[in-house]
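> Quick one: sequence and predicted model below, then my questions.
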Amino acid sequence: MKTDSIASPILLNEICNYLNSVAKGMYISAAFSNSKNEFILQFHYKKEQLSLEVYMDNIVSFVFFPESAGFGKSSQHLFPEIENLLFLQAYAMREDRGFIIELEKDYAVLVKLFGRNANVILFFKDQVKEVFRTQFKKDADLLKSDFNIIETNLLPQKYVINESDGRISLALANTSDTLSLSAIPAVNEYAKKYFYHKNFLQQKNKLVQELLKSKQHLQASIEKLTEKTLANASKNYKQMADLILAHIHTITEGTEEVEVLDFYNDNNKIIIKLKKGISPQKYAEVLYRKAKNQDIEKLKMAENLEGLKKKLDLLDQKLTALEQVSNSKALKAFLPSKDSTPQVVIPFRAIQFQDYTIYIGKNAASNDELLHFAGKEDTWLHARGVSGSHVVIKKKSKLPIPKEVITRAAEIAAWYSKAKNSSLVPVIFTTRKYVRKPKGAAPGAVICEREEVLMVAPKEI
């Protein structure tokens with residue numbers, strides 16, 4: 001974010017005049033900081049209070065008068081020597097961007113507004129007593145007498161705040177400016193707009209980073225699925241089965257591999273490994289079944305790859321649109337919606353399908369809770385051989401749970417597992433009473449008996 005300095009000698013002189021008028025007869029209540037970028041000085045007299053804040057970041061430094069500035073648990077107490085000291089006067093410096101607040105007992109506070117090198121320095125007599133931003137080591141060697149006082153009889157001016165393309169500036173008003181402000185309202189309004197815009201940029205940058213992270217994950221999933229698709233295409237189970245049957249009269253029973261002429265590829269010689277313990281004909285039948293599943297898997301992988309590419313395209317569109325956003329009002333369309341109604345937090349997800357309730361664990365601890373929650377006649381499911389969510393179908397009556405419901409629950413179990421990017425995932429299911437958790441087992445770890453296996457494509461809720 002770009003912004004002009006608002007530390008001109010003319011403006012700082014008006015700030016000092018304001019302090020000399022309003023803080024006259026007041027005492028210092030406290031000096032403190034709520035963050036590394038702010039220094040707050042509070043004045044009081046009886047029930048009257050006044051706060052002055054010096055804001056300093058790596059872009060700009062400025063002074064304003066907040067309506068309230070409380071001392072909190074994380075606040076840092078500063079300059080304790082000046083507490084309860086009487087304010088005497090404030091004056092701007094002639095040649096430097098800053099001003100000095102004179103206090104009784106020879107103490108003074110220098111507000112030095114040198115952009116990113118701004119600082120607040122406590123003097124006792126002519127020597128530096130304490131420095132707020134200690135990283136600027138040379139400030140400890142300053143002398144109060146080094147700074148010259150500006151003339152205080154300058155005429156009050158009017159100011160305007162300009163906003164354009166992320167640039168905020170405070171400038172002297174022209175006679176034609178109808179929305180001009182006097183000095184103190186101007187610096188307070190400037191601070192308000194600066195913090196508003198800074199917060200907008202922080203929110204926007206956070207959203208951009210979240211989208212870029214999602215994009216990175218999508219790109220990794222696309223790359224992984226593309227590699228798997230190529231690997232799947234390199235194995236042609238049907239051709240292997242055809243070649244085995246075509247040469248079956250030459251294959252000796254018990255042979256672990258056979259060299260045959262590949263009539264699919266110019267009769268080149270290839271070696272086919274056979275499966276030990278079954279006949280070549282039976283192994284060819286196994287390969288034909290694999291070929292059938294391979295065709296299904298190929299279609300599913302193509303669908304999944306297309307879906308991921310569409311998500312990536314939508315994400316790129318969203319990023320492009322987000323980059324064009326220039327204000328908080330437009331940014332709201334990109335922020336997650338907030339439901340004002342309090343939600344009851346449950347330890348696992350739940351959906352309805354054909355009048356059956358399907359529960360899904362959220363993590364390892366949630367899986368354990370779901371296991372205890374499930375009734376002994378409920379149906380329990382989990383992706384086979386990989387980590388993932390436990391899924392439970394709540395049994396409604398003595399009638400068996402329909403196959404369609406079990407299939408839908410299996411699809412969900414596959415989706416909420418490490419195998420979610422696979423085209424087909426084996427999912428085991430059994431009655432809850434056949435699932436037990438061994439003593440001392442890790443969260444989510446169980447032993448399953450009498451399970452059946454269902455091959456399904458992962459599908460989200």
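Happy to help now that I have it.
> Wait, a strand at S74?
No: S74: not assigned to a strand; according to DSSP: H, G, I helix; E, B strand; the rest coil it is coil.
> surely it meets N34?
Yes: between S74 and N34 there is a contact at 6.7 Å, judged by C-beta atoms under 8 Å. All C-beta spots, glycine's among them, are computed from the backbone N, C-alpha and C.
> the more surrounded of these two?
N34 (16 against 8; other C-beta atoms under 10 Å).
> Tally up the residues packed near the residue nearest to that one when sequence neighbours are not counted, please.
The shortest distance from N34 to any non-neighbouring residue, by C-beta to C-beta, 6 or more residues apart in numbering, is to S75 (5.2 Å). Per other C-beta under 10 Å, the neighbour tally for S75 reads 15.
> Also Y45?
Count around Y45 with other C-beta under 10 Å applied: 15.
> T178 too?
Using other C-beta under 10 Å, T178 is surrounded by 6 other residues.
> For the protein, give me the ranges with low pLDDT.
Scanning the chain for pLDDT under 70 picks out the ranges 1-6, 151-153, 165-166, 234, 337-346.
> what's the domain layout of it?
When the chain is parsed with automatic domain parsing, its domains come out as 2-156, 212-324, 348-456.
> Pretty sure N232 sits in a helix.
Yes: assessed by three-state DSSP, N232 belongs to a helix.
> I'd say it and K298 touch.
Yes: assessed by C-beta under 8 Å, N232 is found in contact with K298 at 6.3 Å.
> Could you tell me how many residues sit around A442?
9.
> How about the one 4 residues further on?
Using other C-beta under 10 Å as the criterion, V446 is surrounded by 15 other residues.
> likewise S33?
19.
> Correct me if wrong: it contacts Q76.
Yes: S33 is within contact range of Q76, at 4.7 Å (criterion: C-beta under 8 Å).
> could you check the distance from the residue nearest the centre of the chain over to F123?
For the chain, the residue nearest the mean C-alpha position is E210 (4.9 Å; C-alpha atoms, centre = their mean). E210 sits 47 Å away from F123, going by C-beta to C-beta, to the nearest Å.
> swap in F71?
24 Å.
> Looking only at neighbour counts, state which of the two leads.
F123 (22 against 15).
> ok, now which ones touch E451?
428-430, 434 (C-beta atoms under 8 Å, 6 or more residues apart in numbering).
> Now it. Its backbone dihedrals?
Main-chain dihedrals, E451, degrees, to the nearest 10: phi -80, psi 160.
> what are the ranges of the strands in the stretch 251-400 of the chain?
Using DSSP state E, counting those that start in this stretch, the strands found in the stretch 251-400 of the chain span residues 257-262, 268-273, 348-353, 356-361, 379-383, 391-393.
> can you tell me which of these comes nearest to S326?
strand 348-353 (37.9 Å; C-beta to C-beta).
> what is the orientation angle of the closest one with strand 356-361?
Comparing the axes of strand 348-353 and strand 356-361 via axes from the mean of the first three to the mean of the last three C-alpha atoms, to 10 degrees yields an angle of 160 degrees.
> Please identify the nearest residue in space to A186, excluding sequence neighbours.
Nearest non-adjacent residue to A186 (C-beta to C-beta, 6+ apart): Y159, at 3.9 Å.
> can I assume that neighbour sits in a helix?
No: Y159 is assigned strand when assessed by three-state DSSP, not a helix.
> Now do it against S21, distance only.
For Y159, the distance to S21 - C-beta to C-beta - is 18 Å.
> Looking at the contacts of E451, spot the one nearest R408.
Nearest to R408 among the contacts of E451, counting by C-beta to C-beta, is F429 at 11.8 Å.
> can I get the domains of the chain in JSON lines with distance to I168?
Formatted as JSON lines, the domains of the chain follow (distance: least, C-beta to C-beta, whole Å):
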{"stretch": "domain 2-156", "distance to I168": "5"}
{"stretch": "domain 212-324", "distance to I168": "19"}
{"stretch": "domain 348-456", "distance to I168": "44"}
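> Let me see the contact set for the closest residue to E449 other than its chain neighbours.
With sequence-adjacent residues excluded and distances taken as C-beta to C-beta, 6+ apart, E449 is closest to Y434, at 4.4 Å. In this structure, Y434 makes contact with 380, 448-451, judged by C-beta under 8 Å, 6+ apart.
> Kindly reformat the residues you listed as a markdown table containing distance to Y359.
As requested, the contacts of Y434 are exported to a markdown table (distance: C-beta to C-beta, whole Å):
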| residue | distance to Y359 |
| --- | --- |
| W380 | 10 |
| C448 | 17 |
| E449 | 21 |
| R450 | 21 |
| E451 | 18 |
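> Derive a ChimeraX selection command for the buried subset of these.
Filtering the contacts of Y434 down to the buried ones (16 or more other C-beta atoms under 10 Å) takes a single ChimeraX command:
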select :380,451
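> hmm, back to that, for the domains of the chain, which one sits closest to N188?
domain 2-156 (5.0 Å).
> Name the nearest residue to A302, sequence neighbours excluded.
In space, A302 is closest to T229, 7.4 Å off (C-beta to C-beta, 6+ apart).
> So which elements touch the helix or strand containing that neighbour?
Element membership for T229, per DSSP states H and E: helix 183-233. Where contact means 3 or more C-beta pairs under 8 Å, 6 or more residues apart in numbering; DSSP states H and E, helix 183-233 is packed against helix 9-22, strand 48-56, strand 61-64, strand 158-164, strand 167-172, helix 280-323, helix 328-331.
> could the ones you listed go into TSV alongside distance to L218 and mean neighbour count?
Putting the helices and strands packed on helix 183-233 into TSV (distance: least, C-beta to C-beta, whole Å; neighbours: other C-beta atoms under 10 Å) gives the following:
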stretch	distance to L218	mean neighbour count
helix 9-22	50	20
strand 48-56	40	19
strand 61-64	42	24
strand 158-164	36	15
strand 167-172	35	17
helix 280-323	5	15
helix 328-331	23	14
